[in-house]
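Using only what follows, build the 3D model:
(chains A and B)
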Amino acid sequence: MQFVNLLVVRLIQTILVVWIVVSIVFIVSRLIGNPAQSLLPFDATNEEIEAITERLGLNDPLIEQYGRFIVDAAQLDFGYSFHRTGAAIDQVGSKVLGTVKLTAAGLVVALALGLPLGLLAALRRGSPIDWLARVIAVIGQATPSFWLGLMLIFFLATRVDWFPTAGAEGFRALVLPAIALGLLSAAGFMRLTRSGMIDVMNTDFIRTARAKGLTERAVILRHGLRHALIPVMTILGIELGRLIAGSVIIEVVFSWPGIGRLMIESIFQSDYPTVQAGVAVIAAAIALGNLLVDISYRYIDPRIRTAEL
Amino acid sequence: MAARAAEATVEMRPRRRLRRPRHMRRWLLVMPPLSVMLIFLVFGIFADLIAPGDPGHTNVLARLEHPVFDGGTSEHWLGTDHVGRDIWTRIVHGARVSLIVVAIVVPGAAIFGTTVGLVAGWRSGKLGQLLMRYVDVQLAMPAILFAVLLGAALGASLTNVILILLVWTWTAYARLVRAEVLSLKEREFVLASMAAGASNFWIMRKQLLPNVFNTVVVIMTLEIPIVIVAEASLSFLGVGAPVEQATWGRMITEARNYLTQAWWVMWMPGIALMLVALCGNLVGDWLRDLLDPRLRNLG
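Presented below is the predicted three-dimensional model:
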């Protein structure tokens, strides 16, 4: 019962977060002044501007505009794109798959690199592997992702022709963006796995597991790693948010067809509705991702299932 | 002062032989990154003396000139970019832009975040809860989204960058300072002051603030490379500093089209950025271990 209560509270929180973000989007949209000017040709008369302003509902009281904006946003209606044909949300919708693909690939890289390295580093402290892991962690955490992406392009796509420099054609095109995106999170996962494993391997139940004659493999994987992964689960939500946000930059670096690149292009085309829709969709995705991760790790670890939020 | 306090806690533990050499080794290890950060500081402050030329000066006759160690002349020792601007001059002046952003954002966010953290920790009831809920919302949302939004609405400007980074970095201070205050509140010296009738403001200023000071300094140091990278990322995307300003991010963006024919145009600012980010991190880690090792598991 408490678990259900908790779910409801977290769901309300998620909606609250999205609501706040959409409100910020509205406030910022009022900062740009009258979009009628950018919709009409330069030599438009005052009457024409006035007509458009009236049609867009910009003469209504601010609170009314805000209410309408929230109601529309709840139905995913952000108006028509200024630059492309069709609704802004459809522009964003057509790019969702690209961003999801990239983010998922980044997460796979982060986990596939972070967990084994962290595990090995913890089991062989002070060994060359531990050193390698630490160097990767420091570099991964310090290097800006866009610069990492450009270095990968330089060495692996222009010096040697192993991967394409841009675009999303085929599996090979996914490799470099996924690495550039995932390395930062890999460093985080690695550090937590390492410290978690070191803590766990000194506990009594590991000694018991060894004493009852389990193979070292079973001790490490079934008893040790499972416990070491709990802290990793707790930051999964944060890392997921980071990956989604990071994809904006990586998409620009690799000309990857996703929401991030669409948003940046739309900025330079003064296509404000598309930017709004993109920001709202990404914010909602992050909030939802956080919610799912939160629920799933509470489900996996009964001890924190009913703990404080 | 702070260093002596850290040493004192070390002395209280059973003396281990490894302690001292290890500290000294770390001292030696931190010298190179510390020097890099100092050079960055000097470049930023004295940019006009170190590279007196105009970073925006173009020369179509000297486009994509090689750096001096790759067959170029000493006139442009790091080469020139696609419109003939001197890369060395632009890097030095780019350091100035980064430094300005850091010099405003880091102390500004520290002051605001610490104040909020002190209040939220001291008044941990409704007010504290409300403040922390807001911090959580903001931590869940990446700065870049709002940078994109503001960039779209207001256009590129350095003021926007500073504003966005200020709004987005104060939460780190607030969260950690609040956590510290929550435990300090239960300590005897604070309880004694409360019993003696000290005002809230006096306790915060004289007792809480000095005790969270180390934590704040450590976070500030750790935030320096984060802010530098964030500024460069925004400039890279074109929502940072305006076009006419020489920034590392902008230089890297513009160099992308010349990647195959003129490697140095992209690599020079890239190396500068990578070096400063890496060294900033190393210095931050070192200071954290020295002043406040409990912060080690900070995300």
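
Show the contacting residues for A:Gly196.
Going by Cβ atoms under 8 Å, 6 or more residues apart in numbering or on different chains, A:Gly196 touches A:Gly118, A:Ala122, A:His227, A:Ala228, A:Leu229, A:Ile230, A:Pro231, A:Val232. From N, CA and C alone the C-beta is placed, and that goes for glycine too.

Now the third one: closest residue in space that isn't a chain neighbour?
In space, and not counting its chain neighbours, A:His227 is closest to A:Val200: 4.7 Å by Cβ to Cβ, 6 or more residues apart in numbering or on different chains.

how near is that neighbour to A:Arg217?
When Cβ to Cβ, to the nearest Å is the yardstick, A:Val200 and A:Arg217 sit 15 Å from each other.

what about the closest residue to chain A within chain B, how many neighbours?
The minimum distance from chain B to chain A, using Cβ to the nearest Cβ, falls at B:Pro142 (3.3 Å). Residues lying near B:Pro142 (other Cβ atoms under 10 Å in any protein chain shown) number 21.

contacts for the helix or strand hosting A:Gln65?
Element membership of A:Gln65 [criterion: DSSP states H and E] is helix A:62-74. Identification of contacts with helix A:62-74 by Cβ under 8 Å, 6+ apart yields A:19, A:22-23, A:25-26, A:29-30, A:57-58, A:60, A:78-79, A:280.

try stretch B:29-44
Looking at stretch B:29-44 with Cβ under 8 Å, 6+ apart, the contacting residues turn out to be B:50, B:92, B:95-96, B:98-100, B:224, B:275-276, B:278-280, B:282-283, B:286.

swap in stretch B:139-149?
Defining contact as Cβ under 8 Å, 6+ apart, one finds that stretch B:139-149 is touched by A:17, A:21, A:24-25, A:28, A:238, A:241-242, A:244-245, A:248-249, A:263-264, A:267, A:275-276, A:278-279, A:282-283, A:286-287, A:290, B:160-161, B:164-165, B:167-168, B:171, B:175, B:230, B:233-234, B:237, B:239-240.

now, which of these lie within helices?
Taking DSSP state H as the definition of helices, the contacts of stretch B:139-149 contribute A:17, A:21, A:24-25, A:28, A:238, A:241-242, A:244-245, A:248-249, A:263-264, A:267, A:275-276, A:278-279, A:282-283, A:286-287, A:290, B:160-161, B:164-165, B:167-168, B:171, B:175, B:230, B:233-234, B:237.

from those, which would you call buried?
Judged by neighbour count, with 16 or more other Cβ atoms under 10 Å in any protein chain shown as the criterion, the buried members of these are A:17, A:21, A:24-25, A:28, A:238, A:241-242, A:244-245, A:248-249, A:263-264, A:267, A:275-276, A:278-279, A:282-283, A:286-287, A:290, B:160-161, B:164-165, B:167-168, B:171, B:175, B:230, B:233-234, B:237.

I'd like the distance between the most centrally placed residue in chain B and A:Leu7.
Geometric centre of chain B, nearest residue: B:Ile224, 1.1 Å, by Cα atoms, centre = their mean. Relative to A:Leu7, B:Ile224 is positioned 40 Å away (criterion: Cβ to Cβ).

just to revisit the earlier point, what about the contacts of stretch B:29-44, which one has the most neighbours?
B:Ala95 (28 neighbours).

Can you name the helix or strand that it falls in?
Using DSSP H and E, B:Ala95 falls in helix B:87-122.

list the buried ones in that helix?
By 16+ other Cβ under 10 Å, the buried positions in helix B:87-122 come out as B:87-106, B:109-110, B:112-122.

ok so, going back, pretty sure the residue nearest to the centre of chain B sits against B:Val102.
Yes - with contact defined as Cβ atoms under 8 Å, B:Ile224 and B:Val102 form a contacting pair (5.7 Å).

Now list whatever residues contact both of these two.
Shared contacts of B:Ile224 and B:Val102, defined by Cβ under 8 Å, 6+ apart, are absent.

Tell me where the stretch 1-150 of chain B is predicted with low confidence.
Low-confidence segments of the stretch 1-150 of chain B, defined by pLDDT under 70: B:1-23.

near chain A, which residues of it show up?
B:Val137, B:Leu139, B:Ala140, B:Met141, B:Pro142, B:Ile144, B:Leu145, B:Phe146, B:Val148, B:Leu149, B:Leu150 (Cβ under 8 Å from any Cβ of the partner chain).

quick check, nearest of these to B:Arg205?
B:Leu139 (27.5 Å; Cβ to Cβ).

what secondary structure does that closest one sit in?
Under DSSP: H, G, I helix; E, B strand; the rest coil, B:Leu139 falls in the helix class.

Number of residues surrounding it?
A count of nearby residues for B:Leu139, using other Cβ under 10 Å, gives 16.

Now do the contacts for B:Trp27.
B:Trp27 sits next to no residue when contact means Cβ under 8 Å, 6+ apart.

in the helix or strand containing it, what counts as buried?
Applying DSSP H and E as the criterion places B:Trp27 in helix B:19-45. Within helix B:19-45, the residues that qualify as buried are B:Val30, B:Pro33, B:Leu34, B:Val36, B:Met37, B:Phe40, B:Phe43, B:Gly44, counting by 16+ other Cβ under 10 Å.

Which elements pack onto the helix or strand following that helix?
The C-terminal neighbour of helix B:19-45 among helices and strands, as given by DSSP H and E, is helix B:47-50. Helix B:47-50 makes packing contacts with helix B:87-122 when contacts are defined by 3 or more Cβ pairs under 8 Å, 6 or more residues apart in numbering or on different chains; DSSP states H and E.

tell me what the helix it packs on is packed against?
Applying 3+ Cβ pairs under 8 Å, 6+ apart, we find helix B:87-122 packed against helix B:19-45, helix B:47-50, helix B:126-140, helix B:158-184, helix B:209-237, helix B:248-255, helix B:263-291.
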